[in-house]
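# show me the folded form of this:
(one chain, ligands or ions: 1)
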Amino acid sequence: MKLVFASSLVATSYAASWGYETQPWQMGYCKPTEYARQSPIDIVTKDVVQAVGPDTLIGAGDFTRQHLQEHHYDVTVNDVDSAGAHSITFSFTQEIGNEKFACPQFHCHFADSEHAIDGKKTFGECHTVCYDKEIYGSFGNATRSINGDELAVFGFFVEEDAHVADNAAVDSWIAAKNGFTSTSDVVEVQIATPNNTDKYIRYLGGLTTPSCNPIVQWTVFAESVKISTAQKLEILKWSSGHMIGNNREVQPMNGRVVTCYGCEDEFENDDEDDEDQDCENKKFIIREDGTIRPGMNLDACVGVSTNQNRAKLMWVNCDNNEMNDDINLEWSFEKHGNHSFGYVIRSMDDGHDHEHPALAWSIRSPSRAANQMVFLKEQAAGLMEKQMFVFEHGMIWLRHKNGEQNYCVSFEGEGKKVKTRKCWKPLAGEFDF
Ligand SMILES: [Zn+2]
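This is a model prediction of the structure:
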């Protein structure tokens, strides 16, 4: 995140030692050796701890919906071409937020994001900066003290998606930047937030710019804001000043814990005994009607509620008359090019008349493929490794980038989630189809 700097601060040398190489600060601003709570971090999903109970510290999901999703905010914009500018920054003419947390500004880091998830960064990351007004009274007071609870910063990943239309909020930033004449001009912009604001991680860190004070309670949302290719290209034109490459490198965890709110399902990792090597509950029959059924129980089907873009797959009774029409049971297998592997996609029409990416079976993390829920997510090239499956030996295998097939889908019983298990190939020829 970024603090507001006095305009007299002029770059005379670069500060490579604490993470940036091209930004307008002198050496020695950050003291990582003194501050263990540094940001950004690499969010390692296998180490993320599920939150117990609601987010009483900030209530970030509600806060975002209530305070960051207005149709417009009156802001002033910094002069991104000036020597001291570090990021495009939108300062609210009146602080937004609630009685507890007030927010003076938001700004963005391109390209890349500051935080990473399992080592991967997105195109950008925007930070809405808020401070504890109840305790500190003003933003200035908050940033001058070092207790650890001064700020609450909300991080939103920004990602290019070739399938989406221009993001309206990002369009408002582009218009503000391209129409810039003076830092005192007031313009209207929106804050770009993802659709799902209930799922996010929380950890204790610091400012990602000098002087890196360890005073931030970070909230980083799991779902990214999607921007069009044209918008990405437009942002990349902001190459004067220091607008591109203004992301600090990830910092050591130093024993800190990352907590997730809204991740109950995806981080679920049961320790059931999985030494069943006969594979009976891992063999399936794919019928012409599109249903996928366990060989040992032909009454069960893989089903999912069709109106969610990221829904869990469940084992349901295929013939249950009381079943809601919304339960989808029909699947098709779409091969990836000429390969034997491909996507398992929902074949049912969702009733919308516009085109959008198909929904495909997906897992959360290939690096820990056992005991993972299979859920539906929009088919995307970048998710290939998480969405690739192979039908072989009567089983549905996950296919990793390295070609390994050690995990497959398992039948857990009707009413249970569809999960992946460690798998062994059956004896040659047996059950092949
Ligand atoms: Zn920032």
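# and whichever residue of the stretch 51-200 of the chain sits closest to the ion, bridged to which residues?
Nearest residue of the stretch 51-200 of the chain to the ion (CB to the ion) works out as H127 at 3.7 Å. (Each C-beta comes from the backbone N, C-alpha and C, glycine too.) Beta bridges link H127 to H107, G155, judged by DSSP bridges.
# that one contacts H109, correct?
Yes. The pair H127 and H109 passes the contact test of CB atoms under 8 Å, sitting 7.4 Å apart.
# that older thread, run a quick neighbour tally on the residue of the stretch 51-200 of the chain closest to the ion.
Around H127 there are 26 other residues, counting by other CB atoms under 10 Å.
# from here on, count from 38
OK, 38 is where the count begins now, so the last one is H164.
# for it, give me its contacts.
Applying CB atoms under 8 Å, 6 or more residues apart in numbering to H164 gives the contacts M38, K39, F143, H144, C145, H146, V190, F191, G192, F193.
# next, count neighbours for the fifth one.
Using other CB under 10 Å, C145 has 25 other residues around it.
# could you do the third one as well?
Other residues near F143 come to 29 when the count uses other CB under 10 Å.
# let me see the ranges of the strands in the stretch 138-287 of the chain.
With DSSP state E, counting those that start in this stretch as the criterion, the stretch 138-287 of the chain has strands at 138-147, 153-154, 161-169, 188-197, 224-226, 237-242, 253-258, 262-264.
# wait, is K83 part of a helix?
Yes. Counting by DSSP: H, G, I helix; E, B strand; the rest coil, K83 falls inside a helix.
# where's the residue of the stretch 238-387 of the chain found nearest the ion relative to E286, distance?
Closest residue of the stretch 238-387 of the chain to the ion, CB to the ion: T245 (5.3 Å). Noted for T245: a distance of 9 Å to E286, by CB to CB, to the nearest Å.
# same deal with N135?
Distance from N135 to E286, by CB to CB: 33 Å.
# ditto for A202
Distance of A202 to E286, given as CB to CB: 33 Å.
# and for A213?
Counting by CB to CB, the gap from A213 to E286 is 29 Å.
# what does D356 give?
The gap separating D356 from E286 is 56 Å, by CB to CB.
# all helices in the stretch 88-237 of the chain, in order from the N-terminus.
For the stretch 88-237 of the chain, the helices defined by DSSP state H, counting those that start in this stretch cover 97-104, 170-173, 176-181, 205-215.
# okay, those helices in TSV with distance to the ion and mean pLDDT next?
Below are the helices of the stretch 88-237 of the chain laid out as TSV (distance: least, CB to the ion, whole Å; pLDDT from 0 to 100):
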stretch	distance to the ion	mean pLDDT
helix 97-104	16	96
helix 170-173	19	97
helix 176-181	13	95
helix 205-215	15	96
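# can you lay out those as TSV showing mean neighbour count?
As requested, the helices of the stretch 88-237 of the chain are exported to TSV (neighbours: other CB atoms under 10 Å):
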stretch	mean neighbour count
helix 97-104	18
helix 170-173	16
helix 176-181	17
helix 205-215	18
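# surely E449 and M410 touch.
No. E449 is beyond contact range of M410, at 10.5 Å (criterion: CB under 8 Å).
# restrict stretch 141-148 to CA atoms and write it as PDB.
C-alpha atoms of stretch 141-148 as PDB (Å, rounded to 0.1, in the frame of the first residue of the first chain):
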ATOM      1  CA  PRO A 141      -9.000   8.500   2.500                       C
ATOM      2  CA  GLN A 142      -7.900   6.900  -0.800                       C
ATOM      3  CA  PHE A 143      -7.300   3.900  -3.000                       C
ATOM      4  CA  HIS A 144      -4.500   3.300  -5.500                       C
ATOM      5  CA  CYS A 145      -3.200   0.500  -7.700                       C
ATOM      6  CA  HIS A 146      -0.100  -1.400  -8.400                       C
ATOM      7  CA  PHE A 147       0.700  -2.700 -11.900                       C
ATOM      8  CA  ALA A 148       2.100  -4.900 -13.300                       C
END
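# which residues touch that stretch?
With contact meaning CB under 8 Å, 6+ apart, stretch 141-148 is reached by 38-39, 41, 112, 124-129, 132, 160-168, 176, 195, 210, 228, 245, 272-273, 275, 280-284.
# just the buried subset of those, please.
Using 16 or more other CB atoms under 10 Å as the burial test, the contacts of stretch 141-148 include 38-39, 41, 112, 124-129, 132, 160-168, 176, 195, 210, 228, 245, 272, 275, 280-281, 283-284 as buried.
# which residues touch the residue lying closest to A153 once chain neighbours are set aside?
The shortest distance from A153 to any non-neighbouring residue, by CB to CB, 6 or more residues apart in numbering, is to D79 (4.4 Å). The contact partners of D79, taken as CB under 8 Å, 6+ apart, are H152, A153, I154, D155, G156, V287.
# T82 is in contact with the third one, correct?
Yes. Using CB under 8 Å, I154 is in contact with T82, at 6.6 Å.
# any low-confidence regions in the stretch 38-187 of the chain?
38-66, 68-71 (pLDDT under 70).
# contacting residues for G292?
If a contact means CB under 8 Å, 6+ apart, then G292 has A73 as its contacts.
# what's the distance between it and D79?
15 Å.
# enumerate the residues of the stretch 138-287 of the chain near the ion.
H164 (CB under 5 Å from the ion).
# count the neighbours of L413 for me.
By other CB under 10 Å, 24 other residues sit near L413.
# and if you look at T256?
Counted with other CB under 10 Å, the neighbours of T256 add up to 26.
# in terms of neighbours, single out the busier of D356 and E286.
Taking other CB under 10 Å, D356 and E286 do not tie; E286 has more neighbours (15 against 10).
# what count of nearby residues applies to the residue lying closest to S377 once chain neighbours are set aside?
Leaving out its chain neighbours, the residue that sits closest to S377 by CB to CB, 6+ apart is V427, at 5.9 Å. Neighbour count for V427, taken as other CB under 10 Å: 20.
# V427 falls within a helix, correct?
No. Assigned with three-state DSSP, V427 falls outside any helix and is strand.
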